[in-house]
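1. Next input, structure requested:
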Amino acid sequence: MTSTPLKFYADVHVAKSVVVQLRNKGVDIVHCEELDMADASDLQHLALAVEQKRTLITRDKGFLTYHSNWLEEGKSHSGIFFLSRDLQGKKHTGTIVKALLDYHELIAGGAGTVEADIANQFIWIN
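-> Below you'll find the predicted structure:
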């Protein structure tokens, strides 16, 4: 059985430079602004990520609550990566890209699966 590929959805709190660098590495990633979702609510971001089977990337701590509530309601999602507030500014772009690329490569290489290791998880990137 083949794992679902790890695809990302970046909300407005994620720098476009992160998206561009990941895309340049062959990662399937979209930024909310590309989908006219810049002004969407957090729950709309999560719903779209779920609909498109994408793992959400954010800095918004509110997603910890949304994640818990979502699961309590019996819903599932393709995972949420939370970028630590310590990783802000251009000097941390490489750190963020490397961390997300590592997850992408592990899934693509078969060392894990989205279903077993990412889905319904809230994963902190520090």
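2. What number of neighbouring residues does V12 come out with?
-> V12 has 17 neighbours, counted by other C-beta atoms under 10 Å. Where C-beta positions appear, they are placed from N, C-alpha and C, glycine not excepted.
3. hang on, I meant A116
-> By the criterion of other C-beta under 10 Å, A116 has 10 neighbours.
4. Let me see the confidence value for K91.
-> Listed pLDDT for K91 reads 70.
5. That one and A49: what is the separation?
-> 27 Å (C-beta to C-beta, to the nearest Å).
6. out of these two, which sits in the busier spot?
-> A49 (26 against 8).
7. quick one: that one and T55 touch, right?
-> Yes: judged on C-beta atoms under 8 Å, A49 makes contact with T55 at a distance of 7.1 Å.
8. Can you pull the residues that touch both of these two?
-> Y9, S78 (C-beta atoms under 8 Å, 6 or more residues apart in numbering).
9. So, low pLDDT: which residues of this structure?
-> 1-2, 87, 89 (pLDDT under 70).
10. quick one, helices of it?
-> 16-24, 42-51, 62-72, 93-108 (DSSP state H).
11. Out of those helices, flag the one nearest H31.
-> helix 16-24 (4.6 Å; C-beta to C-beta).
12. What helices and strands are in contact with the closest one?
-> Counting contacts by 3 or more C-beta pairs under 8 Å, 6 or more residues apart in numbering; DSSP states H and E, helix 16-24 packs against strand 8-10, strand 29-31, helix 93-108.
13. So which elements touch the last one?
-> Looking back up the chat, that one is helix 93-108. helix 16-24, strand 80-83, strand 122-125.
14. Over to the second one?
-> Packing contacts for strand 29-31, counted by 3+ C-beta pairs under 8 Å, 6+ apart, involve strand 8-10, helix 16-24.
15. who touches that strand?
-> Outside strand 29-31, the residues touching it (C-beta under 8 Å, 6+ apart) are K7, F8, Y9, A10, V14, K16, V19, L22, R23, Q52, R54.
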